[in-house]
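Peer 1: below are the sequence and a predicted model for it; my questions follow.
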Amino acid sequence: QVQLVESGGGLVQAGDSLRLSCAASGRAFSSYVMGWFRQAPGKEREFVAAIGWSGDSTNYADSVKGRFTISRDNAKNTVYLQMNTLKPEDTAPYYCAAKKTYALPNVGYDYWGQGTQVTVAS
């Protein structure tokens, strides 16, 4: 199993940047595919980005492609989400998630964090 704790959220202005972190505890962090999701109030949970075990495979939602970058540091058991050129529609709690397989990187996650709130003011 793996436990996930997100941090780095906050209130920013449109056009600003934020970097989210997700610290994992438990065993064999490098054996997990890691993903970021968000769920704005009244909307379904939305896939944001995923990264493979070594970090050489990544996948992004069209809505964030070119603005967000997912990365990981297996030595620190941490995955990051660098968010640039933030927009008000990016406002949501952001959740970190983990699973074993990279197939269908936007679904099928087994472990979830509690979330960190990102609010982008216009």
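Peer 2: Yes, it's here.
Peer 1: CA atoms for contacts and neighbours, from now on please.
Peer 2: Will do.
Peer 1: and L11, what's its pLDDT?
Peer 2: pLDDT for L11: 98.
Peer 1: state the helix or strand in which it lies.
Peer 2: strand 10-13 (DSSP states H and E).
Peer 1: which elements pack onto that strand?
Peer 2: strand 116-121 (3 or more Cα pairs under 8 Å, 6 or more residues apart in numbering; DSSP states H and E).
Peer 1: what's the strand it packs on packed up against?
Peer 2: Contacts of strand 116-121 with other secondary structure elements, assessed using 3+ Cα pairs under 8 Å, 6+ apart, are made with strand 10-13, strand 92-99.
Peer 1: which residues touch that strand?
Peer 2: By Cα atoms under 8 Å, 6 or more residues apart in numbering, the residues outside strand 116-121 that reach it are 6-14, 86-95.
Peer 1: could you give me the average pLDDT of it?
Peer 2: Strand 116-121 shows a mean pLDDT of 98 in the predicted model.
Peer 1: same deal with stretch 79-98?
Peer 2: Averaged across stretch 79-98, the pLDDT comes to 98.
Peer 1: mind listing what's buried in it?
Peer 2: 79-81, 83-84, 86-87, 90-98 (16 or more other Cα atoms under 10 Å).
Peer 1: just these now: which is nearest L18?
Peer 2: Distance from L18 was checked for each of the buried residues of stretch 79-98 by Cα to Cα. The minimum falls on M83, at 5.2 Å.
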